[in-house]
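Q: Following is a predicted model, sequence given first.
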Amino acid sequence: MQSEQLFTAADQNFVVHATGALSGRAGPRVQAEEDLVLVDSGIASDAFNVACRFRLASESARTRVREALEFFGQEDRPFTFWLFPGYSPAELPRILEAAGLHAVGTESAMVLDLSRMGRPATVQGLDIRRVTTRDDLRAFADIAAANSTPPDPHVRAFYDLTESAFLDVRSPQRLYLGCLDGRPVATAESTIAGGVAGLYNVSTLGAFRGRGVGSAMTGRCLSDAQRLGMSAAVLQASSEGEPVYRRLGFVATGTVTEFKPGEARRVSA
């Protein structure tokens, strides 16, 4: 897969990750267009209110950014803009900064050729299963919420809102729960879209980290993606996570930058 094809595939995958479980539900607002995707979940968390895709024409980029800010300003909920490799125009970061947004962090965009995938890691006593029941979804949500201290109630609210979508076995968003000796301790999501598998929400409870659980969860997602006919997997990795994924065979293809409203001002583009 050529670089531009890969960037387009990863972009489309993230769009499905961000919108799939919310589309068609009362409350959330999803505005998906070819050049820009806007998602307002109705939940007061910027984890679920996002702008992405960003394939803007130079002549209309400032107008489109202003429209995005107006979209989120309607409800005044926190939101974030995600710029993936391949965004356009090249001057978009400067346009966002002029609009009162600022870069708050970057992660590595990484890809794995699944034909080169090694044997998945295993952990004694770890059972990994796809989430198909309400109890498993609640356990998944509790672990995901525990990534914040104290646990983030907005995460639980999101999975309550989207329960029927995630429990539909036809969903392109496949959630996995890892239980160590019967106790739920880890999560992972594999979104099958854009011709690739996108990995998200790979998480292990703090007391159980350092045992290879995260690698095993990732390996299960990759094995299933390969069986579904995917040729590549993509993900975003923090500086701490990047060495782990490199050991699994992932390579960096660029950076993903997150922009949020500035502390002192929120002005129009």
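A: All right, it came through fine.

Q: so is the residue of the chain most remote from its centre in a helix, a strand, or just coil?
A: Distance from the centre of the chain peaks at residue 59, with 29.3 Å (Cα atoms, centre = their mean). Using DSSP: H, G, I helix; E, B strand; the rest coil, the structure places residue 59 in helix.

Q: how about stretch 205-217: buried residues?
A: 205, 208, 211, 212, 213, 214, 215, 216, 217 (16 or more other Cβ atoms under 10 Å). Where you see a C-beta, it was placed from the backbone N, CA and C, and this is true even at glycine.

Q: Tell me the one of those nearest residue 169?
A: Among those, residue 217 lies closest to residue 169 (Cβ to Cβ), at 19.4 Å.

Q: where's that closest one relative to residue 9, distance?
A: 22 Å (Cβ to Cβ, to the nearest Å).

Q: same check, this time on residue 46
A: 25 Å.

Q: Do a quick rundown of the strands in the stretch 1-150 of the chain.
A: 29-32, 37-40, 50-52, 80-83, 101-113, 126-130 (DSSP state E, counting those that start in this stretch).

Q: Let me see the mean pLDDT of the fourth one.
A: Strand 80-83 shows a mean pLDDT of 98 in the predicted model.

Q: Then the first one?
A: Averaging pLDDT along strand 29-32 gives 96.

Q: which other helices and strands contact it?
A: Judged by 3 or more Cβ pairs under 8 Å, 6 or more residues apart in numbering; DSSP states H and E, the packing partners of strand 29-32 are helix 3-19, strand 37-40.

Q: Ok, which of the ones you listed comes nearest residue 63?
A: strand 37-40 (14.1 Å).
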